[in-house]
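Colleague: mind folding the following:
(one chain, ligands or ions: 1)
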Amino acid sequence: MARSESLDEVRAYYDSIFPFYEKESVARAHLDFWRGLARQWRPARILEIGAGFGRITRALARYAPAIGIDISLPMLVHAARQCPSSSRARYVAADMRRLSFPCCFDLIVAPSDPFSHLLTAAERRQTLCRVAKLLSPSGRFVLEGLYRRARQPEARERRFRHADGVLTISESWQPVGRGQLWKATYRYLDRGRNRPDRAVKFSFTARAWEPSKLRRLFRSCGLKIENLWGDLEQRPFSGQVRRVVVVASRLRRNDL
Ligand SMILES: C[S@@+](CC[C@H](N)C(=O)[O-])C[C@H]1O[C@@H](n2cnc3c(N)ncnc32)[C@H](O)[C@@H]1O
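Modeller: Numbers count the residues shown, from 1 in each chain. Okay, here's the model as predicted:
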């Protein structure tokens, strides 16, 4: 049985990788995907779960007022500082398992799988039920979920150029037990031009999604899956990928 990862452990992980993760998130080419959803669906209110440095919330706020929630105060402070005063983005410290707002949202997004930190099925169900309650009747929830094809160790390395150097990220994934749990180890090495190199290594436990069980799980939380994509180009999920993108809406009476 999976134990629950404490918020302190999750925060400690993000605190330790803070400067590296900021550079990594700037290098990610995913803003167009999230912006495209807002352009297409024209939501009146947007919520981002696990907003991190707030780049996606900020980008979405060009289309409608957007709230980003996270449990990491340093990241939220950074996100708020990056926001021009004219922005309609707001940041709130909140635990996704206890999501509660006095209003509904037409678009709720969970990019780069914040749910991967919820290690138990019960926590995931609890959070998905909260998401369903916060969706407007025509609203959509989009989750970029962690998917691992086979229960085999995996490793990869990526390299990004940034303003004052090169960041190398080495990740390794080891399956834990028989479920969807993984021990992830990230090593960041930031080589600067006129400064000493910086490096950090950190491990954490993450939980991937099992696509074959998604429909039933979402349904039990009041959500109906409309699409399962395998990437941010919206290609159908094929199993040959590292992520599963889920598009869901609220379950209606005639869906039952
Ligand atoms: C992989 S990061 C994604 C950040 C951002 N969405 C992005 O795509 O750059 C996951 C985020 O989820 C947050 N998180 C983890 N557990 C959470 C919880 N229980 N409630 C709210 N946020 C959480 C972390 O602090 C982290 O910022």
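Colleague: what sits against the residue in the stretch 51-200 of the chain positioned nearest to the ligand?
Modeller: Closest to the ligand within the stretch 51-200 of the chain is residue 52: 2.8 Å, counting by Cβ to the nearest ligand atom. Bear in mind the C-beta positions are built from the backbone N, C-alpha and C, glycine included. Neighbouring residues of residue 52 by Cβ atoms under 8 Å, 6 or more residues apart in numbering: 14, 21, 25, 70, 72, 75, 79, 112.
Colleague: among the residues you listed, which ones lie close to the ligand?
Modeller: Applying Cβ under 6 Å from any ligand atom to the contacts of residue 52, one finds that 14, 25, 70, 72, 75, 112 fall near the ligand.
Colleague: need the three-state assignment for the closest residue in space to the last one that isn't next to it in sequence.
Modeller: Same thing as residue 112. Leaving out its chain neighbours, the residue that sits closest to residue 112 by Cβ to Cβ, 6 or more residues apart in numbering is residue 144, at 5.9 Å. Following DSSP: H, G, I helix; E, B strand; the rest coil, residue 144 is assigned to strand.
Colleague: test my guess that residue 144 contacts residue 113.
Modeller: Yes - the pair residue 144 / residue 113 is scored as a contact, 5.9 Å apart, by Cβ atoms under 8 Å.
Colleague: and for these two, which residues touch both?
Modeller: Joint contacts of residue 144 and residue 113 (Cβ under 8 Å, 6+ apart) are residue 243.
Colleague: how about the strands in the protein?
Modeller: Under the criterion DSSP state E, the chain contains strands at 46-49, 66-70, 89-93, 105-110, 135-146, 154-162, 165-176, 181-192, 198-207, 223-229, 243-250.
Colleague: the fourth one pairs with which strands, and in what direction?
Modeller: The strands that strand 105-110 pairs with in its sheet are strand 46-49 (parallel), strand 135-146 (parallel) (by DSSP bridges).
Colleague: now swap in the last one and tell me
Modeller: Strands adjacent to strand 243-250 in the sheet, as given by DSSP bridges, are strand 135-146 (antiparallel), strand 223-229 (antiparallel).
Colleague: just those strands: most buried one?
Modeller: Highest mean neighbour count of those: strand 135-146, a mean of 20 (counted as mean count of other Cβ atoms under 10 Å).
Colleague: is the ligand within reach of it?
Modeller: No - for a cut-off given as Cβ under 6 Å from any ligand atom, strand 135-146 has no contacts with the ligand; the smallest distance is 7.6 Å.
Colleague: residues in contact with that strand?
Modeller: Contacts of strand 135-146 (Cβ under 8 Å, 6+ apart): 30, 37, 41, 43-45, 104-113, 115-116, 131-132, 206-209, 223, 226, 232, 242-250, 252.
Colleague: how about stretch 237-244?
Modeller: 113, 144-149, 209, 211, 214, 228-231, 245.
Colleague: stretch 165-183 now?
Modeller: Stretch 165-183 is contacted from outside by 2, 20, 23-24, 27, 119, 148, 151-160, 184-193, 195, 203-210, using Cβ under 8 Å, 6+ apart.
Colleague: repeat that for 6 Å
Modeller: Taking contacts as Cβ atoms under 6 Å, 6 or more residues apart in numbering, the residues outside stretch 165-183 that touch it are 2, 23, 151, 153-160, 184-193, 203, 205-208, 210.
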